[in-house]
Structure formats: C-alpha cells, structure tokens
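In: Following is a predicted model, sequence given first.
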Amino acid sequence: MRQHKSFIIDDCIQVMINLLIFAEKFGNMKNIKIIVLAALSILPFLSYGQWDKYFENKGLRIDYSHSGRQGVDYFTINQMKEIPYYSGSRKNLIDRTDNGAYLISLYEKDSQKLIFSKGVSSLFNEWLSMDEATKMCGNFEEVITVPCPKEDIQVEIAFSVRDSVNNFKEVARYEIDKNEIRPIDFFFKKAKPSKPHLIKLNETGRTVDKRVDLVLIPVGYTEEDKEKMMRDLEKMAGYMFSEEPYKSLKDKIEITAVERYAKESGIGGLKDSEVKNSDLGVEYNTFGSPRYIMTRNLWELYDVVDLVPCDAIIMVCNSDTYGGGGIYNYYATCYMGDRSKEVIVHEFSHSFAGLGDEYSENDSQAGMSSVKAEPYEDNITTLVDFSKKWGYMMDKDTPVPTPQTKEYENKVGVFEGASYISKGFYRPYQHCMMRDLTPFCPVCTKSIQNMVNLYCE
Ligand SMILES: [Zn+2]
C-alpha cells in the first residue's frame, strides 16, 4: 500500500534522528528524552507551516478546458474564481497517493518549490478509449479547486498526464495571473451572493479541514417533487453509512445537501425518457452505455457548490431506472431504486477513493495493450510492479497468481480478471464491492480508510 507521508514529516523525522545521534554522542538518556519530546511537540506546527506560508484561508476554483485526442492533451484556463472555502487538509497539500489519470500541481514561481498537488480523473480520460478518439478531438470542461495563494506569492499551475508506463509527464504550465482571479461577488452582479439552503444530513463536529465534506446535489427534482427529494436525500445519506468501512468512518464524513430545484422532473438520455432539458446536463446513456449517468456540464455543476465546503459530490438523480457513475475527484451519480445502496457505495468508491473496477467484461483492445503498465488504482495490478500493491497483506504461501478455488475464498490473493479485462489484470479478492457489489475486500477497505484519513489530518 502506498505511503501518504508528507515531505515535511520526513524532514522532521530526519531532524529527530540527527538530534538523537547528537544526544547519544554528547548527552545522557535524560537529554535524549527531552530533545525527542521537544522535536515531537514542534512537528505539527512545522507541518502547517507550508499552509501558512503560501495560502490564504480560501479556495481558488480554476475552470479549464481539457481537449485533444489519444496522445494529445491541451489544457486551457477558462476562468478563476475566489471561493470562501478550501475544504481539504491543511497538512497533506502534496498528493502522494499516485492516483488519478492526471496530476495538477502548483509551484511557487521564484523557488520552483512544489506547494500543492492533486490527482484527478475525468470524462475526457474515458472518452479516450472510444474509437472516435483516434480520429477526432474532444473538448471537455474540468474544474480543480486549490487553496488560494497569498497575495504576494506568485504561482504556476502545471498539468501532467500519464505516459505509456503510467508515470506522470508534465504537458502544460501557466503562471497564474492574480488579476484574472475574480472574487465571488463578481459572478452575482444583480444580487449579493447568498448561501443556498443547506440540509445537514450527517454532522461530525469537526472543522472543514479535518473532515471529508460530501455534498449531495439533487438532480431532476422540481418544486412539486420536494417531499420525495427530501426523502431521497435522507435515504442516500443513510446508504453511505450502510457498508464498512464507511460505517465506521461516520464521524469523519460530513454530509450536506443543497436544496435546489429543476425545471423538469426526471433524468433524460434514455429512449423512453420525455425529459427534454436535462437538469445540469445529467443524462443516461453516456458514451452509448445505457446505465451510465453523467454530465459534461462541469462548470455549471460546480456553481452549485461555490459557497459550500466540498471535497466530493454525489448527484442524487430523480429516476427509478437503474444507473450511476463515478470518476475519481470528479463526481458520482446514482439513481433512486432497489439497488441504490450498493450502486452509490460502489460509485463513490471510484469517485472518492479512486478504486478500480474488479470485474472483467468486454475485453477491449485498448485495455489489453495497457497490460504492460502497472495500473495506478490501489486494488488492481498487472504484476508489472506488484511491489507497490497489496503483497504485504497476503499469506506467504498464497501463490501468485492465485487459483480461484474454495481454498482461497476469503483470502487476499492475486486473482485474474479485473478492470474490464479477463487476462493480465488481477484483483485482490474473489468477491468485493468493486466486483459484484458484495462487502469490500480488505485491500479496498484499507484504501478507503487511508483516503478518508488524508482529509482528516
Ligand atoms: Zn476490492
């Protein structure tokens, strides 16, 4: 499993080791204890120093276009908005999870020091696996919310994509022009910005920087649907804590819903749907897959949460036709019906924890060719570099790959068939929420716990 330590912590541990060596040479045991205790007491302050030095207690929302085709990526900044909250951790500013298809980084211009980074995935990345992406260009809206740099700090933003062996490769870098950042009031010319009506569905008693802020956005509910909407939002919040490890993490995940209404009731995109103007552009049948509910209108979607602390979004869709979707650090969607509980826990684990699908179906040429690289998802391996993965959770005598027999049921192993591919991709367990909507396997459980803790430190 990957380590999530910050460099500052590493630096600090090194300082402590040096102190210990010094104390051992020139002092006695009492001195050593005093020095170690002193070093430990300043550790948390050093970790937050990075935040205090570079950032203000606000968020900076950057809207950009991601365009191109296979092997070609263009990133164009469309607009920058100062928003009241940056709700992520003040301590874990550098993303060490190595997850996501893309990495967005902030550098202080003068020192070229990396001061923030975050891995993300997007609909553009999924579109790349379609045939049309070999012949034509696509253009998709994307959004990243970063901590707002202080007035006197000059910052560059860099966009990186994965190369053929899944290492990040920087493809674009821009200096952030402070004059281009608009205050939130700028976007509310007629009326003062007023906070939307919020419905608290789970309160943690923690501050925004020490919790996961999950925002539920109802989609396709008109004012006449208000009662059903309220019921569905409550249900959805309940579903989130129906499965481990989320059940045990309830005191770390704050759930807030935004009260809002659509002009038309329901979700469009299906042949028999009568919805003409889909609320927030949310529709079934994304990329020709009937159950796949997504929207390309990311900028409009993020307008809904500008004034709300937000680390993750679930769109609660007013439809009883099975469907959903989830992309890492993008958003998740879910229908409201019999299997919504499992569907949202599965989809949220894509969108929040970056877990991969552990099932295999419709082997695609694009997928087969990626067997040469180690996937970045914690719960998938091609055995190209298994040392990064869950080997430490396996019994020594479990063979690799592991036979899918009764003997290895309920044991962590390396089972063939994952990530939509039947050969060459492996998963850690015979059954899992990410494969067949059964309880999470130990590897996914650990990964979700790690991710939640990163937001809470
Ligand atoms: Zn799993």
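Out: Cool, the structure landed. All values reported here derive from a predicted model rather than from experimental measurement.

In: Only C-alpha atoms from now on, for both contacts and neighbour counts.
Out: Noted.

In: what's the offset of stretch 155-162 from the middle of its chain?
Out: Stretch 155-162 has its C-alpha centroid displaced from the chain centroid by 17 Å (CA atoms, centre = their mean, to the nearest Å).

In: Just the residues contacting that stretch, thanks.
Out: Residues from elsewhere that reach stretch 155-162, judged by CA atoms under 8 Å, 6 or more residues apart in numbering: 73, 75, 101-109, 149, 168-176.

In: let's go with 10 Å and repeat that
Out: The set of residues external to stretch 155-162 that reach it, using CA atoms under 10 Å, 6 or more residues apart in numbering, is 54, 71-75, 100-110, 112-117, 119, 121, 125, 149, 167-178, 376.

In: Among the residues you listed, name the ones in helices.
Out: In this view, those that belong to helices under DSSP state H are 54, 125.

In: what pLDDT, on average, does stretch 350-357 get?
Out: The pLDDT scores in stretch 350-357 average 98.

In: Kindly check the end-to-end length of that stretch for me.
Out: 8 Å (CA to CA, to the nearest Å).

In: Any part of it near the ion?
Out: No: residues of stretch 350-357 contacting the ion under CA under 5 Å from the ion: none, with a closest distance of 7.9 Å.

In: Measure how far that stretch is from the centre of its chain, please.
Out: Chain-centre distance of stretch 350-357: 7 Å, with CA atoms, centre = their mean.

In: And for stretch 312-329?
Out: 15 Å.

In: tell me which residues of that stretch are tucked away?
Out: Applying a neighbour-count criterion of 16 or more other CA atoms under 10 Å, one finds 312-319, 321-329 buried in stretch 312-329.

In: Can you give me the end-to-end span of that stretch?
Out: One end of stretch 312-329 sits 7 Å from the other (CA to CA).

In: do stretch 122-130 as well
Out: Distance between the two ends of stretch 122-130: 14 Å, counting by CA to CA.

In: just to revisit the earlier point, of the contacts of stretch 155-162, grab the buried ones for PyMOL.
Out: Restricted to buried positions by 16+ other CA under 10 Å, the PyMOL selection for these reads:
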select buried, resi 54+73+75+100+101+102+103+104+105+106+107+108+114+115+116+117+119+121+125+149+168+170+173+176+376
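
In: Which ones, among the contacts of stretch 155-162, also lie beside the ion?
Out: When CA under 5 Å from the ion is taken as the criterion, no member of those contacts the ion.

In: residue contacts, the nearest residue to residue 334 once chain neighbours are set aside?
Out: By the measure of CA to CA, 6 or more residues apart in numbering, the closest residue to residue 334 outside its immediate chain neighbours is residue 324, 4.2 Å from it. By CA under 10 Å, 6+ apart, residue 324 lies in contact with 283-284, 290-294, 315-317, 332-336, 340, 343-344, 346-348.

In: What about these, which are in strands?
Out: 315, 316, 317, 332, 333, 334 (DSSP state E).

In: tell me which of the residues you listed is nearest to the ion?
Out: Looking at the ones in strands among the contacts of residue 324 and their distance to the ion, the nearest is residue 332, at 18.2 Å (CA to the ion).

In: Am I right that residue 300 is in a helix?
Out: Yes: assessed by DSSP: H, G, I helix; E, B strand; the rest coil, residue 300 belongs to a helix.

In: Number of residues surrounding it?
Out: Neighbourhood size, residue 300 [other CA atoms under 10 Å]: 13.

In: Show the pLDDT at it.
Out: pLDDT for residue 300: 96.

In: That one: what's its closest spatial neighbour, skipping adjacent residues?
Out: For residue 300, ignoring the flanking residues on the chain, the nearest one in space by CA to CA, 6+ apart is residue 280 at 6.6 Å.

In: Torsion angles phi and psi at the one you found?
Out: Phi and psi for residue 280, reported as degrees, to the nearest 10, are phi 50, psi 20.

In: Check residue 404 too.
Out: When read as degrees, to the nearest 10, the backbone of residue 404 gives phi -90, psi 70.

In: contacting residues for it?
Out: Residues in contact with residue 404, defined by CA under 10 Å, 6+ apart, are 413, 414, 415, 416, 429, 430.

In: what about the stretch 151-300 of the chain, any weak spots by pLDDT?
Out: Low-confidence segments of the stretch 151-300 of the chain, defined by pLDDT under 70, are located at 188-193.

In: for it, what spans make up the strands?
Out: For the stretch 151-300 of the chain, strands defined by DSSP state E, counting those that start in this stretch occupy the ranges 155-162, 168-175, 181-183, 198-202, 212-219, 253-258.

In: can you check the stretch 301-450 of the chain too?
Out: 312-317, 324-327, 331-334, 415-418, 421-427.

In: Show me what the third one is packed against.
Out: In other words, strand 331-334. Where contact means 3 or more CA pairs under 10 Å, 6 or more residues apart in numbering; DSSP states H and E, strand 331-334 is packed against strand 212-219, strand 312-317, strand 324-327, helix 340-351.

In: Now do the residue most central in space within the chain against residue 100, distance only.
Out: A centroid search over the chain (CA atoms, centre = their mean) returns residue 329, at 2.8 Å, as the residue closest to the centre. From residue 329 across to residue 100, the span is 8 Å (CA to CA).

In: Show me the common contact partners of these two, please.
Out: Between them, residue 329 and residue 100 share the contacting residues 118, 119, 120, 121, 122, 351, 353, 354, judged by CA under 10 Å, 6+ apart.

In: ok so, going back, show me which pair in the ones in strands among the contacts of residue 324 is furthest apart.
Out: Every pair in these was compared (CA to CA); the two farthest apart turn out to be 317 and 332, at 10.5 Å.

In: so what sits against both of those two?
Out: Here residue 317 and residue 332 share the contacting residues 293, 324, scored by CA under 10 Å, 6+ apart.

In: just how off-centre is stretch 91-108 within its chain?
Out: Using CA atoms, centre = their mean, the distance from the centre of stretch 91-108 to the centre of the chain it belongs to is 11 Å.

In: Between the two ends of it, what distance do you get?
Out: Stretch 91-108 has an end-to-end distance of 17 Å (criterion: CA to CA).

In: Tell me the residues of the chain that contact the ion?
Out: Contact residues (CA under 5 Å from the ion) of the chain with the ion: 432, 441, 444.

In: where's stretch 254-271 relative to the chain centroid, distance-wise?
Out: The gap between the average C-alpha position of stretch 254-271 and the chain average comes to 22 Å, counting by CA atoms, centre = their mean.

In: Buried residues in it, which are they?
Out: Of the residues in stretch 254-271, those buried by neighbour count under the rule 16+ other CA under 10 Å are 254-262, 264-269.

In: Closest to residue 422 out of these?
Out: The shortest distance between residue 422 and any of the buried residues of stretch 254-271, using CA to CA, involves residue 269 and amounts to 30.1 Å.

In: Thank you kindly, that will do.
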